[in-house]
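**Student:** I need the structure of the sequence given here:
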Amino acid sequence: MKDKIGKAAALVYDQTGAPRIVAKGVGEIARKMIEAAEAEGIPLQKDEVLVEALMQVELTKEIPPQLYRGVAEILAFIYRLEKAKSSAGDT
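**Tutor:** Now for the predicted structure:
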């Protein structure tokens, strides 16, 4: 049985300014967002509290400073995944 997907938010960080919200959805839209991310190999991180806070941010807007720490942890997680992936490809 699959987990019930309630909400999802997508961020982009181009290293200028703060990360921005580029998509968010509830229910079926959230499920489709996650499926699309998985199909594209985009790393996913489950954090219901952070997603709830990100849902309050308007689309295309930078995240507010109070969310920097939580988002920085996700960016560090993605960086570690990408570094491990590239190291595995070097062997």
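
**Student:** what helices or strands is the helix or strand of the chain with the lowest mean pLDDT leaning on?
**Tutor:** Each helix and strand of the chain was given a mean pLDDT (mean pLDDT, DSSP states H and E); the minimum falls on helix 68-89 at a mean of 87. Under the contact criterion of 3 or more CB pairs under 8 Å, 6 or more residues apart in numbering; DSSP states H and E, helix 68-89 touches helix 48-54. In this view, the C-beta of every residue, glycine as well, is placed from N, C-alpha and C.

**Student:** And the helix it packs on, how far out from the chain middle?
**Tutor:** Between the centre of helix 48-54 and the centre of its chain there are 10 Å (CA atoms, centre = their mean, to the nearest Å).

**Student:** Could you list the buried residues of it?
**Tutor:** Residues of helix 48-54 classed as buried: 50-51, 53-54 (neighbour count, 16 or more other CB atoms under 10 Å).

**Student:** could you dump those residues to TSV with pLDDT and distance to Gly27?
**Tutor:** Formatted as TSV, the entries for these read as follows, by pLDDT from 0 to 100; distance: CB to CB, whole Å:
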residue	pLDDT	distance to Gly27
Leu50	94	19
Val51	95	13
Ala53	96	19
Leu54	96	16
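
**Student:** before we move on, the earlier item: in CSV, could you pull the C-alpha coordinates for the least confident helix or strand of the chain?
**Tutor:** Written as CSV, here are the backbone C-alpha positions of helix 68-89 (Å, rounded to 0.1, in the frame of the first residue of the first chain):
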residue,chain,number,x,y,z
TYR,A,68,16.5,28.8,5.7
ARG,A,69,17.8,26.2,8.1
GLY,A,70,15.3,23.5,7.1
VAL,A,71,15.9,24.2,3.4
ALA,A,72,19.6,24.3,3.9
GLU,A,73,19.5,20.8,5.4
ILE,A,74,17.6,19.6,2.3
LEU,A,75,20.2,21.3,0.0
ALA,A,76,23.0,19.6,2.0
PHE,A,77,21.2,16.3,1.6
ILE,A,78,21.0,16.7,-2.2
TYR,A,79,24.6,17.8,-2.4
ARG,A,80,25.7,14.7,-0.5
LEU,A,81,23.6,12.5,-2.8
GLU,A,82,25.1,14.1,-5.9
LYS,A,83,28.6,13.8,-4.6
ALA,A,84,28.1,10.2,-3.8
LYS,A,85,26.6,9.6,-7.2
SER,A,86,29.5,11.2,-9.0
SER,A,87,32.0,9.4,-6.8
ALA,A,88,30.4,6.1,-7.7
GLY,A,89,30.6,6.9,-11.4
